[in-house]
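**Student:** the sequence isn't on hand, but the structure is:
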């Protein structure tokens, strides 16, 4: 048995319960891990609410890190005692979890397990956004919404590390200072602007339309994201913290300058193990050598998971939120 955070039925945070659930030995191609920390992410919210339907009851959580306690008979890459991290394996918010060995990656020596857990989904998301969805080039200008959030902080660092400039938005002066300290060239409190005024402010600070807009906020900001772009710029909608974006009239892209729009998901950028090892290795390696920093904004015990998701959904934290089983 293991204690696990269970979604009893689709709904709000009240449907979350910590329960004792049975856990079998790992599959022949799997590993069983004692979880040190599990990440709290919006994909958990979407699955809990039923936006992404999952049969209930199920154990919540998509990422984590910990120490291997058992390995399947067919596993050669890992041994008991190895430190591993993973993303995309549902059921991670538990004391013990079975995951496919193909989903696990080694955690570099010297990197704390909670940092590794915090880095997986958001770190690899930031990695694919700036390296693959829109390969950022020196001299470009990127708009990053929610720049003090978990993905936002990593985006600012990765973009500026490539020699590009960042126009960062956030909802408070404290959060804007975080983005500025990480290298953002310009900052905007989006609570002081709305609609077209936000896009006009972006263009004013950037001196022109931005090359790419990274938008994980969604409904509240996406119209401004499109209107902030230069001709043939790219709008990248990778989340919906403020709600889902309404269906888009494609003629809008024509009128605003032959724009491109994409709605990526991490699974399309982790198509094989080589891609997983590349993205995770880059992010965890940079965290281990200090060239990349990651803020853990809050840690919650498993029994207080509802408060963790309240903080996430209310955008009341900066950096990453973790559950500590």
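**Tutor:** Sure thing, it's come through. Since we're looking at a predicted model, the values are computed, not measured.
**Student:** wait, doesn't residue 35 sit right on residue 91?
**Tutor:** No. Applying C-beta atoms under 8 Å as the test, residue 35 and residue 91 come out as separate, 10.2 Å apart. For glycine as for every other residue, the C-beta is placed from the backbone atoms N, C-alpha and C.
**Student:** okay, now the unreliable bits of the stretch 101-250 of the chain?
**Tutor:** Within the stretch 101-250 of the chain, no range satisfies pLDDT under 70.
**Student:** can you show me the strands along it?
**Tutor:** Here the stretch 101-250 of the chain has its strands, by DSSP state E, counting those that start in this stretch, at 104-106, 141-144, 165-170, 186-189, 210-215, 229-237.
**Student:** in JSON lines, list those strands along with distance to residue 125.
**Tutor:** Below are these laid out as JSON lines (distance: least, C-beta to C-beta, whole Å):
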{"stretch": "strand 104-106", "distance to residue 125": "15"}
{"stretch": "strand 141-144", "distance to residue 125": "13"}
{"stretch": "strand 165-170", "distance to residue 125": "16"}
{"stretch": "strand 186-189", "distance to residue 125": "22"}
{"stretch": "strand 210-215", "distance to residue 125": "10"}
{"stretch": "strand 229-237", "distance to residue 125": "11"}
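**Student:** can you pull the contacts of the nearest residue to residue 89 once chain neighbours are set aside?
**Tutor:** In this structure, residue 89 finds its nearest non-sequential neighbour in residue 99, 4.4 Å apart by C-beta to C-beta, 6 or more residues apart in numbering. Each residue near residue 99 by C-beta atoms under 8 Å, 6 or more residues apart in numbering is listed here: 30, 31, 33, 86, 89, 92.
**Student:** please redo it, this time with the cut-off set to 7 Å
**Tutor:** 30, 31, 33, 86, 89 (C-beta atoms under 7 Å, 6 or more residues apart in numbering).
**Student:** ramachandran angles for the first one?
**Tutor:** Put plainly, it is residue 30. Here is the backbone geometry of residue 30 (degrees, to the nearest 10): phi -120, psi 170.
**Student:** how close does the most centrally placed residue in the chain get to residue 78?
**Tutor:** Centrality entry for the chain: nearest residue to the mean C-alpha point is residue 122, 2.8 Å, by C-alpha atoms, centre = their mean. Counting by C-beta to C-beta, to the nearest Å, the gap from residue 122 to residue 78 is 24 Å.
**Student:** what is the burial count for residue 173?
**Tutor:** 9 (other C-beta atoms under 10 Å).
**Student:** ok, back up a step: the residue nearest to residue 89 belongs to a helix, doesn't it?
**Tutor:** No. Residue 99 is assigned strand when assessed by DSSP: H, G, I helix; E, B strand; the rest coil, not a helix.
**Student:** quick check: bridge partners of it?
**Tutor:** residue 31 (DSSP bridges).
**Student:** now do the helices in the protein.
**Tutor:** Along the chain, counting by DSSP state H, helices occupy 42-49, 113-128, 150-161, 173-181, 196-206, 222-227, 251-255, 273-289, 305-313.
**Student:** right, and the ones you listed - which one's nearest residue 189?
**Tutor:** Counting by C-beta to C-beta, residue 189 lies closest to helix 173-181 out of the helices of the chain; the figure is 6.1 Å.
**Student:** thanks a lot, catch you later.
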